[in-house]
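1. sequence first, then the predicted structure:
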Amino acid sequence: MTGPVDPTATDAWQRLSDLAAGYEPDLRSRLTDPEWVERSSLTAADLFVDLSKNLVTPEVWKALRELAVETEVAARRDAMFGGEHINVTEDRAVLHTALRQPDDAVVEVDGKDVEPDVHEVLRRVYEFADKVRSGAWTGVTGRRIATVVNIGIGGSDLGPVMAYEALAPYVQDGLECRFISNIDPTDAARKLAGLDPATTLFVVSSKTFGTLETLTNARLCRTWLLEHLGGDVDQGEAVAKHFVAVSTALDKVAAFGIDPDNAFGFWDWVGGRYSVDSAIGTTLAIAVGPERFAEFLAGFHAMDEHFRTAEPEANVPLLMGLLNVWYVNFLGAETHAVLPYSQLLHRFPAYLQQLTMESNGKGVRWDGREVTTETGEVFWGEPGTNGQHAFYQLLHQGTRLIPADFIAFANPAYPLKDGDTDVHEVFLANFFAQTKALAFGKTADEVRAEGTREEIVPARVFTGNRPTTSIMAPELSPRVLGQLIALYEHITFVEGAVWGIDSFDQWGVELGKQLALQVAPAVAGDDDALAEQDPSTQQLIRYYREHRS
Ligand SMILES: O=P(O)(O)OC[C@H]1O[C@](O)(CO)[C@@H](O)[C@@H]1O
């Protein structure tokens, strides 16, 4: 097997190292040049993306695009879209993009067109969603469903919950969704509190149907349902009417007692963190309806097409991915903030943490050799303006370089006025002001000119030159949400491709899972199992055993 190109051995890498060594940030002067701003402003589907407030020069952009050529990013992208097994450690194709193709598309995996199956599952999900929404699907006592509880974790939770929150204005009146993910029993206890079992539907979402947390929570919920429904219902019928499943392992779904007619499948070529656009989105499809869900998928597809076909100079996911490489590998950034100016996107940073960090938190390349440079930055964030009153101090005056993506929408989902004042305008003024403040800063002379005492001038200086990318769209519609998610999927892809890693496996989560099983007997009181643990772990387990009432 020929391995990936070593990025650090390319001419472009050398050029970028030289450019970084001589680089003097100068956003103040750059941003007075309308041509620079215009050249740095791009459109991808419905997204307007302003890259002008980044610490780059035309030479850096050129070298980054050359790096993409030398590391064969386009060939790897085409291999992904073409269904090749680019997830080598699991020997799988990587085809989340096939999930959002129009129904006349043909996408082959191992010689088979997968689109008929994709669209057949979608048709069944839509039919089921319609039945729940219309009341045609009822619980075992004949009452219509009022609450849908999604049971899943990781990609089987974060995508659905993030999108449900983001699309709250589109959720059908009278329907509520809740999401149980954590094996901390508090999660199930609190999410089940106040629910009427007769009007509750559980969607057990698990790609493998073998995840400890999800299966434990599914059993807890089944017990809760049967206990609370009352004695005169048939248990098998109750489970059949109140439990559906989404999984690639339909045999395990049947073994759990869920009617295979009420199970929706997907395929091993859909990674968990890339699966919200598969049947894993069933809860969301029920909440917002098939029409909106189809718009959501069309949004993903629009961004896929942009990534697949746009020229490198105008290819937003390519450029944003390369920009991240520049910050991580040449300017020393370790983290990347994502700051949505939309309360509806409050779970978006958490969603992106799995997408980016489970994908690119790798120390070996896809040929098994060590990576040659730093990989995966830490993604984090919170919606503005809340973050402004919490951690922005460090963004403005701290000692670390933290590139930040600001996301905002021209139209609010809930237009409210404070007297004559449009509150969304006050909100957006903050969005615009923050990226301006970060870029321009405030000099000592400007601080002095405000009459500030000399002793505190240094504390009030803002160095500026703090990089941001602004992403705007007309509104947070299902279509735009699909585009935003696909944008970050492809940014993540580009970074992984440059670094030569397999962005689609996640072996790093396995060791902890294995050890949890090994430690469990010691926690439950088995002294022999306790004696096998290391002294630190023994001490912690003893503390637990002594303090557990
Ligand atoms: O959908 P499943 O199979 O329950 O897995 C849940 C999550 O667990 C992981 O495998 C990590 O443990 C994620 O990649 C995945 O999204």
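-> Yep, that arrived. Keep in mind that this is a model prediction, so the values were computed, not measured. Numbering: from 1, shown residues only.
2. burial count for residue 511?
-> Other residues within reach of residue 511 by the criterion other C-beta atoms under 10 Å amount to 9. Every residue, glycine included, has its C-beta placed from N, CA and C.
3. remind me which helix or strand it belongs to.
-> helix 510-523 (DSSP states H and E).
4. okay, and the helix or strand of the protein with the least pLDDT?
-> When the helices and strands of the chain are scored by mean pLDDT, DSSP states H and E, helix 250-256 comes last with a mean of 92.
5. any part of it near the ligand?
-> No. Remark: helix 250-256 sits outside contact range of the ligand, by C-beta under 6 Å from any ligand atom, the gap being at least 10.2 Å.
6. indicate whether the helix or strand following that helix makes contact with the ligand.
-> Proceeding N to C from helix 250-256, the next assigned helix or strand is strand 263-265, under DSSP H and E. No. Residues of strand 263-265 contacting the ligand under C-beta under 6 Å from any ligand atom: none, with a closest distance of 12.8 Å.
7. quick one: name whatever helix or strand follows strand 263-265.
-> Immediately after strand 263-265, counting by DSSP H and E, sits helix 282-288.
8. re the thing from before, pLDDT of the helix or strand following the helix holding residue 511, averaged?
-> As assigned by DSSP H and E, the chain's next helix or strand after helix 510-523 is helix 527-531. For helix 527-531, mean pLDDT is 97.
9. CA atoms only for helix 527-531 - export them in CSV, please.
-> In CSV, the C-alpha atoms belonging to helix 527-531 read as follows (Å, rounded to 0.1, in the frame of the first residue of the first chain):
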residue,chain,number,x,y,z
ASP,A,527,-12.1,-7.7,46.2
ASP,A,528,-10.1,-10.0,43.9
ALA,A,529,-10.9,-7.7,41.0
LEU,A,530,-10.0,-4.7,43.2
ALA,A,531,-6.6,-6.2,44.0
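10. for that helix, buried residues please.
-> 529, 530 (16 or more other C-beta atoms under 10 Å).
11. what helices and strands are in contact with it?
-> helix 510-523, helix 535-547 (3 or more C-beta pairs under 8 Å, 6 or more residues apart in numbering; DSSP states H and E).
12. just put the ones you listed in CSV and tack on distance to residue 9 and mean pLDDT.
-> Below are the helices and strands packed on helix 527-531 laid out as CSV (distance: least, C-beta to C-beta, whole Å; pLDDT from 0 to 100):
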stretch, distance to residue 9, mean pLDDT
helix 510-523, 31, 95
helix 535-547, 42, 97
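13. Throw the ones you listed into TSV and include distance to residue 175, thanks.
-> Formatted as TSV, those follow (distance: least, C-beta to C-beta, whole Å):
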stretch	distance to residue 175
helix 510-523	34
helix 535-547	40
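14. and the ones you listed: which comes nearest the ligand?
-> helix 510-523 (6.8 Å; C-beta to the nearest ligand atom).
15. just name whatever secondary elements that closest one is in contact with.
-> So helix 510-523, by 3+ C-beta pairs under 8 Å, 6+ apart, packs with helix 527-531, helix 535-547.
16. using a markdown table, lay out the ones you listed together with distance to the ligand.
-> Output for the helices and strands packed on helix 510-523, formatted as a markdown table (distance: least, C-beta to the nearest ligand atom, whole Å):
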| stretch | distance to the ligand |
| --- | --- |
| helix 527-531 | 24 |
| helix 535-547 | 21 |
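17. if I look at the residue of the stretch 401-549 of the chain found nearest the ligand, how far off is residue 211?
-> The minimum distance from the stretch 401-549 of the chain to the ligand, using C-beta to the nearest ligand atom, falls at residue 509 (3.9 Å). As judged by C-beta to C-beta, to the nearest Å, residue 509 and residue 211 stand 10 Å apart.
18. ok, the two, which is more surrounded?
-> Using other C-beta under 10 Å, the more surrounded residue of residue 509 and residue 211 is residue 211, with 20 against 11.
19. now do the same contact list for that one.
-> 153, 154, 156 (C-beta atoms under 8 Å, 6 or more residues apart in numbering).
20. dump those to a markdown table, plus distance to residue 29.
-> Output for the contacts of residue 211, formatted as a markdown table (distance: C-beta to C-beta, whole Å):
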| residue | distance to residue 29 |
| --- | --- |
| 153 | 49 |
| 154 | 45 |
| 156 | 49 |
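21. near the ligand, which residues of the stretch 301-450 of the chain?
-> residue 358.
22. the strands in the stretch 301-450 of the chain, which residues?
-> For the stretch 301-450 of the chain, the strands defined by DSSP state E, counting those that start in this stretch cover 335-341, 378-380, 404-409, 417-418, 421-422.
23. can you put these in JSON lines and add distance to residue 479?
-> What follows is the strands of the stretch 301-450 of the chain, written out as JSON lines (distance: least, C-beta to C-beta, whole Å):
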{"stretch": "strand 335-341", "distance to residue 479": "17"}
{"stretch": "strand 378-380", "distance to residue 479": "24"}
{"stretch": "strand 404-409", "distance to residue 479": "12"}
{"stretch": "strand 417-418", "distance to residue 479": "27"}
{"stretch": "strand 421-422", "distance to residue 479": "24"}
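24. and residue 438, which of the ones you listed is closest to it?
-> For those, proximity to residue 438 was assessed by C-beta to C-beta; strand 404-409 is nearest, at 7.3 Å.
25. thinking again about what came up before, looking at the contacts of residue 211, which is nearest the ligand?
-> When these are compared against the ligand (criterion: C-beta to the nearest ligand atom), the nearest one is residue 154, at 2.7 Å.
26. what distance do you get for the closest one to residue 98?
-> 21 Å.
27. in terms of neighbours, single out the busier of those two.
-> Higher neighbour count among residue 154 and residue 98: residue 98, with 26 against 20, using other C-beta under 10 Å.
28. per-residue confidence for that one?
-> Per the predicted model, pLDDT is 98 at residue 98.
29. what's the burial count for the residue nearest to it when sequence neighbours are not counted?
-> With sequence-adjacent residues excluded and distances taken as C-beta to C-beta, 6 or more residues apart in numbering, residue 98 is closest to residue 107, at 4.3 Å. Residue 107: 19 surrounding residues under other C-beta under 10 Å.
30. contacting residues for residue 107?
-> Going by C-beta under 8 Å, 6+ apart, the list of residues near residue 107 reads 83, 95, 97, 98, 101, 113, 114, 115.
31. same thing but 6 Å
-> 98, 114, 115 (C-beta atoms under 6 Å, 6 or more residues apart in numbering).
32. what is the nearest of these to the ligand?
-> residue 98 (18.4 Å).
33. could you report the separation of that closest one from residue 424?
-> Distance from residue 98 to residue 424, by C-beta to C-beta: 37 Å.
34. and the residue of the stretch 201-350 of the chain closest to the ligand?
-> residue 272 (2.6 Å).
35. neighbours of that residue, how many?
-> 25.
36. is the longest helix seen in the chain positioned near the ligand?
-> Ranked by residue count and defined by DSSP state H, the top helix of the chain is helix 478-499. No. Using C-beta under 6 Å from any ligand atom, helix 478-499 stays clear of the ligand, with a minimum separation of 13.7 Å.
37. which neighbouring elements make contact with that helix?
-> Packed against helix 478-499 by the contact rule (3 or more C-beta pairs under 6 Å, 6 or more residues apart in numbering; DSSP states H and E) you find helix 73-81, helix 290-309, helix 316-325, helix 359-360.
38. and of these, who's closest to residue 141?
-> Nearest to residue 141, of all these, is helix 290-309, at 26.4 Å by C-beta to C-beta.
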